[in-house]
Each structure stands twice: as C-alpha cells, then as structure tokens.
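>>> Have a look at this prediction, sequence included:
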Amino acid sequence: MENFDTRLLKRLYLPPAGSHKGQNGKLLVIGGSHLFHAASLWALTIASRIVDMVFYSSVPENNQVITEAKREFRNGIIVPRDDLEDYIKEADCVVLGPGMLRIDKSKVKSRKSKAQIKNQKLQEINALEDEGEQTYYLTKYLLEKYPEKKWVIDAGALQMMELEWLRPLKGMVVLTPHVGEFEVLRSKINPSTKLRTGDQRSKTQIKNKKLEEQVEIFAKDYNCIILLKGREDVVCSPDKCIRVAGGNAGMTKGGTGDVLAGLVGAFACKNDLWLSAIAASYINKKAGDSLFEKVGYYFNASDLVDEIPRVMKELIIEN
C-alpha cells in the first residue's frame, strides 16, 4: 500500500479566470435532524468555501436552524425535503448522512412488515415520524433512483444503508466510515455474496484479515471507494489503496468527520471521486497538524473549517 503523493494535489480543479457563478461546482448536502444540528452545518460550511453553490436539505426544524446561520454560506440555498429531487438533478455531487438519526434496523423491518409501508414516494418517506426510519428509507430511495449521481455517504446514512444498495451505483460513491462504522458495514456482509472474481468469501475470512486488507477487499467486492478515518486514513478503490498519515488527537472531537465528508463532496463536484477522497483526507489532516502547531490539541471542527482554506492555498496555489 502506497503513501499519499503530494503531487496529486496539482490535479485538483482550480476555478478558471472568467468563470461564472455555478460553473465551479454545485453540492447538495442532505443531513441533520431534530437532535443533531451542527454536523451537517460543518459539512456545508467547508463546502461553501470551495464550490460555487451549496444546496442544503434537512428536517424542517433543522432547516430553520441553518437559515438563521445562513451568513456562514451566503451562496447556499435551503431546500425543503419535498423539493429535494429537483436539486439532486442540478447538483454535481450529493453528501448524504451527516447528523441524520439511526434506528435499530430490525425495528425498521418489523414496522415495514407490520404496516406494509412501501415508501415509493418521497413525500411518504418525509412523513414518517421516526427520523431513524426516515434515514433508512430516504437513503434507499435516493440511491436506487439516482445511481448515476456522485455520492458521499457518511454517518447516519452510512450506518443505516444495506450493502446491496451499493452495487447499482457503478463505483460512483465514497463511504467515509471510522473504524467502528466500518465494523458495522462488515457485519452486514452476506456470507454467500458472490464477488467480482466469481469466488465467495465468508465473514470470518474477512474478519481475520488485517484492517487495511479488509478495506481493500470491501472496496473491491462492493465496487466503491472507502475512506477509512483513523490515525492513518486508509483510502481504497476497487483497484488501488493509499495510506494517508498525519493528524493528531485534536481531530477526535465531534464534527471533524463531518468536515471531511463535506470536503470530499466539494472536491467531487469538479474532480473524480478517487482524487477527491485522497486529497480531502490529506488536506484535512494537514489542517489539523497546522492547528496543532498553533494551539495544540485545543481546537474544534469550526477551527478546522477555517484552517482548511489556508492550507489549501499553501499546498495547491503557492507550491
């Protein structure tokens, strides 16, 4: 497994002189809940520093919270959930999951069986009272209906999704789990799953591999890109893996992963998903290291959002 090569940063898209509003990327962030307000705010705030337009959609209560904080993303548009699909079509990439609630999926399946909920319409999903149940069905609905879209799946949506939803996406997806979330994904593997090689692999065989090898196997089997967050990030596509070192214990604070998801999504608007994932991982860690030099471990996700543009200027423009 190779280490990140900083020369790759030179491949990132830079807005050309004379470009107009909207030409340099449009990102949709779907996230938040009545309980978690800040998670999706961090994702959309960092994205607003990079792309021309950020669309944001959450539950009504959280939409109001973000509206009041709109000075943080002046080019942003608050999107009611019932109007979501119009903006999915317009966006270059969608970040799905920061701050969305989770529920025990056995309860989802039990309720589905009992109530015979079909959830074939977006309005029907939005009307569900349980936000964890809503996360499950909204994620399913969107991924199945828009397989050609670029997706960054994080947090609540990541934990609620079924693995079979990944296969129709044809590699147009980045998953951003930490180690605990990756274990949840791994636990969902069907022992009889047929791989692209035509072989079969049991959960036990995968579990007995080193963590990096597990990520590599998973990315290949499910035709996706995985950005595994940790002391060293491991980023794997179906064809290659890169290790990204850096960062510090200050980045264990809540919200730093949401910043990373927003950064991946922002890059993905104008770059391929592989470059977006590895570049975001590296820049996020470098920003954390830069903050450590200034204040030690004593910084938060909002500080990281402010530091990333400075690091990007140094790494991408000035070098």
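Yep, it's here. All values derive from a computational prediction rather than experimental measurement.
>>> C-alpha from now on. contacts and neighbour counts both.
Will do.
>>> low-scoring stretches of the stretch 151-300 of the chain, by residue?
Scanning the stretch 151-300 of the chain for pLDDT under 70 picks out 191-205.
>>> Quick one: the strands in the stretch 151-300 of the chain, in order.
Counting by DSSP state E, counting those that start in this stretch, the stretch 151-300 of the chain has strands at residues 173-175, 225-228, 233-236, 241-244.
>>> Ranking the ones you listed by mean neighbour count, which comes first?
The highest average neighbour count among the strands of the stretch 151-300 of the chain, using mean count of other C-alpha atoms under 10 Å, belongs to strand 225-228 at a mean of 28.
>>> would you turn the strands of the stretch 151-300 of the chain into a markdown table with distance to residue 128?
Below are the strands of the stretch 151-300 of the chain laid out as a markdown table (distance: least, C-alpha to C-alpha, whole Å):
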| stretch | distance to residue 128 |
| --- | --- |
| strand 173-175 | 26 |
| strand 225-228 | 30 |
| strand 233-236 | 35 |
| strand 241-244 | 39 |
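>>> out of those, which comes closest to residue 97?
Closest of the strands of the stretch 151-300 of the chain to residue 97 is strand 173-175, at 10.5 Å (criterion: C-alpha to C-alpha).
>>> and the closest one, what does it pack onto?
Helices and strands touching strand 173-175, by 3 or more C-alpha pairs under 8 Å, 6 or more residues apart in numbering; DSSP states H and E, are strand 150-153, strand 225-228, helix 273-295.
>>> Minimum distance to residue 140: which of the ones you listed has it?
Per C-alpha to C-alpha, nearest to residue 140 of the helices and strands packed on strand 173-175: strand 150-153, 11.8 Å.
>>> gap between the two ends of stretch 163-181?
Start-to-end span of stretch 163-181 (C-alpha to C-alpha, to the nearest Å) is 13 Å.
>>> ok, back up a step: can you put the helices and strands packed on strand 173-175 in CSV and add distance to residue 266?
Shown next, in CSV, are the helices and strands packed on strand 173-175 (distance: least, C-alpha to C-alpha, whole Å):
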stretch, distance to residue 266
strand 150-153, 10
strand 225-228, 15
helix 273-295, 8
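>>> Can you say which of these is nearest to residue 245?
Proximity to residue 245, assessed across the helices and strands packed on strand 173-175 by C-alpha to C-alpha, is greatest for helix 273-295 (7.6 Å).
>>> Give me the distance between residue 219 and residue 25.
Look at residue 219 and residue 25: by C-alpha to C-alpha, they are 26 Å apart.
>>> just the helices in the chain please.
Using DSSP state H, the helices of the chain run over 38-48, 60-68, 84-90, 105-115, 122-126, 131-145, 155-160, 179-187, 203-207, 211-221, 256-268, 273-295, 301-312.
>>> to the chain's geometric centre, what's the distance from the last one?
Put simply, helix 301-312 sits 18 Å off its chain's centre (C-alpha atoms, centre = their mean, to the nearest Å).
>>> which outside residues touch it?
By C-alpha atoms under 8 Å, 6 or more residues apart in numbering, the residues outside helix 301-312 that reach it are 42, 45-46, 49, 251, 253-256, 259, 283-284, 286-288, 290-291.
>>> change it to 7 Å
42, 46, 255, 256, 259, 283, 284, 287, 288 (C-alpha atoms under 7 Å, 6 or more residues apart in numbering).
>>> one step back: could you dump the helices of the chain to CSV with distance to residue 17 and mean neighbour count?
Output for those, formatted as CSV (distance: least, C-alpha to C-alpha, whole Å; neighbours: other C-alpha atoms under 10 Å):
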stretch, distance to residue 17, mean neighbour count
helix 38-48, 19, 27
helix 60-68, 31, 16
helix 84-90, 23, 15
helix 105-115, 49, 12
helix 122-126, 40, 17
helix 131-145, 35, 21
helix 155-160, 36, 26
helix 179-187, 41, 16
helix 203-207, 49, 13
helix 211-221, 37, 20
helix 256-268, 18, 30
helix 273-295, 22, 22
helix 301-312, 18, 19
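>>> Next, the contact list for residue 24, please.
Residues near residue 24 by C-alpha under 7 Å, 6+ apart: 15, 51, 52.
>>> go with 10 Å
If a contact means C-alpha atoms under 10 Å, 6 or more residues apart in numbering, then residue 24 has 13, 14, 15, 16, 50, 51, 52, 53, 92, 266, 269, 270 as its contacts.
>>> ok, the first one touching residue 317?
No - under the criterion of C-alpha atoms under 10 Å, residue 13 makes no contact with residue 317, lying 11.1 Å away.
>>> who has more neighbours, these two?
The residue with more neighbours, out of residue 13 and residue 317, is residue 13; 15 against 11, by other C-alpha atoms under 10 Å.
>>> Done for today, thanks.
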